[in-house]
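> Kindly return the folded structure for what I paste below:
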Amino acid sequence: MPYAEVNGISLFHEVAGEGEPVVFIHGAAGNHVSWWQQIPSFRQRYRCISIDQRGFGRSTDATGEGSRRYVDDLEALLDHLGVERCALVAQSLGGRAALGFALRHPERVRALVMADTWGFFDWPEQEERARALAAQQAAASTPLVVRALGVAFQEREPGKTFLYRQIEGLNPPREPAAPFPGRPTPEDVRTLAVPVLCLVGAEDAVTPPPLIRAFHALLPDAEYVELPGLGHSVYFEDPGQFNEIVGAFLARYHADGSEA
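All right, here's what the predicted structure looks like:
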């Protein structure tokens with residue numbers, strides 16, 4: 001069964017393909033289904049693990065601890081699956097688990113992809129800017145899907161925009177992820193001993209390029225790629241370009257040194 005009983009919850013996950021493990025971690029409007037345009041491609045070379053974070057999709061959150069346990073849940077799932085080392089691909093809120101785990105266990109992370117996310121660590125200066133932006137969008141009654149997808153994409157792809165809403169609708173009601181004590185700090189991030197790819201859409205209205213550039217500047221071993229015409233969901237809006245860029249990045253850190 002694709003459930004792991006960890007940390008007092010049932011954590012849903014799917015596994016596809018064979019090879020080195022790559023874990024896909026969704027954002028606040030997603031779940032494991034969000035990666036439907038990635039898994040068929042990456043499973044040709046990798047063992048792809050897509051998860052529903054606690055409180056999303058089919059995963060429970062009986063303890064009510066929410067985002068406080070994302071890193072613990074990821075660690076427990078990898079232990080459950082016997083994964084000693086992997087690559088992590090995270091989008092938006094998924095960056096909290098991915099960055100936190102990479103800082104806790106850098107020896108277990110081959111490479112880290114942070115798409116439209118800075119990991120939501122304890123960074124007061126940027127958090128204040130993010131809160132101000134969120135308040136501005138809330139005052140304008142901007143729906144989550146509008147913030148999550150680029151304006152041009154929504155006009156060009158009404159069908160996929162509808163599908164994005166349907167995927168979001170698979171999630172049960174929940175409280176928004178909130179800051180909590182004990183999160184990593186900028187000083188921690190500066191010590192991260194893992195290669196990182198920072199991806200951001202040029203039209204991202206949730207984690208805009210200046211924020212991701214500031215995050216990138218903290219990292220000791222990182223690449224920055226900004227994609228024109230895309231919003232906060234680059235993996236969904238342009239999967240071909242996303243898969244090509246991420247695939248090339250992961251291939252450079254393949255265990256046998258070979259590129260796809």
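> what about the strands in the stretch 51-200 of the chain?
If DSSP state E, counting those that start in this stretch is used as the criterion, the strands of the stretch 51-200 of the chain fall at 86-91, 109-115, 196-201.
> Save the ones you listed as TSV, and put in mean pLDDT, distance to Phe42 and mean neighbour count too.
Glycine gets a C-beta too; all of them are placed from N, C-alpha and C. Listed next are the strands of the stretch 51-200 of the chain as TSV, based on pLDDT from 0 to 100; distance: least, Cβ to Cβ, whole Å; neighbours: other Cβ atoms under 10 Å:
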stretch	mean pLDDT	distance to Phe42	mean neighbour count
strand 86-91	98	8	26
strand 109-115	99	11	25
strand 196-201	98	14	26
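> Select, out of the ones you listed, the one closest to Arg174.
Across the strands of the stretch 51-200 of the chain, Arg174 has its closest neighbour in strand 86-91 (17.4 Å, Cβ to Cβ).
> Neighbours of Val15, how many?
Applying other Cβ atoms under 10 Å, we find 16 residues neighbouring Val15.
> er, Gln154 I mean
Neighbour number of Gln154 under other Cβ under 10 Å is 18.
> does it really touch Thr161, like I thought?
Yes. Between Gln154 and Thr161 there is a contact at 4.8 Å, judged by Cβ atoms under 8 Å.
> ok so, going back, now the strands of the stretch 51-200 of the chain as TSV including distance to Val23?
Output for the strands of the stretch 51-200 of the chain, formatted as TSV (distance: least, Cβ to Cβ, whole Å):
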stretch	distance to Val23
strand 86-91	5
strand 109-115	9
strand 196-201	15
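> worst-scoring helix or strand of the protein, pLDDT-wise?
One helix or strand of the chain scores below all others by mean pLDDT, DSSP states H and E: helix 124-139, with a mean of 65.
> secondary structure element for Gly240?
helix 239-251 (DSSP states H and E).
> what's that helix in contact with?
With contacts defined as Cβ atoms under 8 Å, 6 or more residues apart in numbering, helix 239-251 is touched by 22, 37-38, 41-42, 46, 87, 89, 111, 113, 115, 197, 199, 223, 225, 227, 234-235, 258-260.
> Hmm, Leu112 and Ala102 touching each other?
Yes. Here Ala102 reaches Leu112: they are 5.2 Å apart, a contact under Cβ under 8 Å.
> For these two, list the residues in contact with both.
Common neighbours of Ala102 and Leu112 (criterion: Cβ under 8 Å, 6+ apart): Leu88, Val194.
> residue contacts, Phe42?
Applying Cβ under 8 Å, 6+ apart, we find Phe42 in contact with Gly17, Val22, Cys48, Asn243, Gly247.
> Need the pLDDT of it.
pLDDT recorded at Phe42 is 98.
> And it, how close does it get to Tyr235?
Phe42 sits 11 Å away from Tyr235, taking Cβ to Cβ, to the nearest Å as the criterion.
> Check Glu14 too.
Relative to Tyr235, Glu14 is positioned 16 Å away (Cβ to Cβ).
> pLDDT below threshold where in the protein?
Scanning the chain with the threshold set as pLDDT under 70 gives 1, 127, 130-146, 176-181, 255-260.
> first vs last residue of stretch 114-125, how far apart are they?
Distance across stretch 114-125, first residue to last, is 20 Å (Cα to Cα, to the nearest Å).
> Name the residues that touch that stretch?
Counting by Cβ under 8 Å, 6+ apart, 27, 67, 89-96, 98-100, 126, 177, 179, 183-186, 188-189, 196-201, 204, 206-207, 211-212, 214-215, 232-235, 242 sit against stretch 114-125.
> Flag every buried residue along that stretch.
For stretch 114-125, a neighbour-count test (16 or more other Cβ atoms under 10 Å) marks Met114, Ala115, Asp116, Thr117, Trp118, Gly119, Phe120, Phe121, Asp122, Trp123 as buried.
> Same list, those residues, but as CSV with distance to Asp79 please.
Shown next, in CSV, are those (distance: Cβ to Cβ, whole Å):
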residue, distance to Asp79
Met114, 23
Ala115, 25
Asp116, 28
Thr117, 24
Trp118, 27
Gly119, 22
Phe120, 24
Phe121, 23
Asp122, 26
Trp123, 29
